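Q: Need the 3D shape of this:
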Amino acid sequence: MYKKKPLLIIFEGIEGSGKSYQSRKLLKKLKKIKIPVILTREPGGTSSAEKIRDVILKDYFHTDSKEKFDKYTDTLLYLASRNEHIKNKLLPSLNKKKIVICDRFIDSTFAYQVYGKGVSKKLIQSVHKYILKGVKPDLTFILKIKISKALKRLKQRKKMNRYDKFSKNFYTRAQNAFIKIAKGNKKKYVILDNSNDTDEVEKIIFNNVIKLIK
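A: Coordinates of the predicted model:
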């Protein structure tokens, strides 16, 4: 029997790992059994946060331009978007005892900005003290994938943003970072290999969430 309680379920992984696909699948399954659930994403999730997302992900500079966003500009934009998202969507939804599925959250910031780009971890932790408002994931799914498979999936996308165009080495570092983070807190993380196009991962995700709900 479903005990009405708020839960924050996160999907993390590199581009092409299938996290967005799996988060939509979970949403559909929970709705089917009448669970109050919403799906959101980072960066974004609210109208204000989506505007910041556009600034982060679009290629505003020509490929031959010397001017690019500094890594700290990038990071602060992500954190600004997160602040809007937490204040206007995550907290209100959790206070209404909804199940919230979020496509990316704080681990992406550490994997990409800290491990991937070398941004100060202390800076991010410092800002999080002010903006997280006690919001913590109850369960995080890390979807790992063979890098070659991820790159193949990315090439098939009709629309690509600048985060879909990083090098193989960058995605390898980011994926290793996700796995390292997960292994540091096994109780609240599930690492799944999503390299094969089967429904097995979908079943494992659903079963893990149902355990939490019941």
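Q: And the strands in the protein, which stretches?
A: With DSSP state E as the criterion, the chain has strands at 7-12, 37-41, 99-103, 139-144, 189-193.
Q: Is it possible to get TSV of those strands that adds mean neighbour count, distance to K51 and mean pLDDT?
A: Where you see a C-beta, it was placed from the backbone N, CA and C, and this is true even at glycine. Converted to TSV, the strands of the chain look like this (neighbours: other CB atoms under 10 Å; distance: least, CB to CB, whole Å; pLDDT from 0 to 100):
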stretch	mean neighbour count	distance to K51	mean pLDDT
strand 7-12	24	23	98
strand 37-41	19	14	97
strand 99-103	24	18	98
strand 139-144	23	26	98
strand 189-193	17	31	96
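Q: a markdown table please, covering those strands and showing distance to R82.
A: What follows is the strands of the chain, written out as a markdown table (distance: least, CB to CB, whole Å):
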| stretch | distance to R82 |
| --- | --- |
| strand 7-12 | 13 |
| strand 37-41 | 11 |
| strand 99-103 | 11 |
| strand 139-144 | 15 |
| strand 189-193 | 20 |
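Q: Next one: M160, what pLDDT does it get?
A: M160 carries a pLDDT value of 72.
Q: What segments of this protein are helices?
A: 19-32, 47-57, 71-85, 91-95, 106-108, 121-131, 147-155, 168-183, 200-213 (DSSP state H).
Q: which sections of this protein are below the confidence cut-off?
A: Where the chain drops to pLDDT under 70, the residues are 1-3, 59-65, 161.
Q: how does it look with 90?
A: Counting by pLDDT under 90, the chain contains low-confidence ranges at 1-5, 55-70, 148-168, 170, 184-186, 196-198, 213-214.
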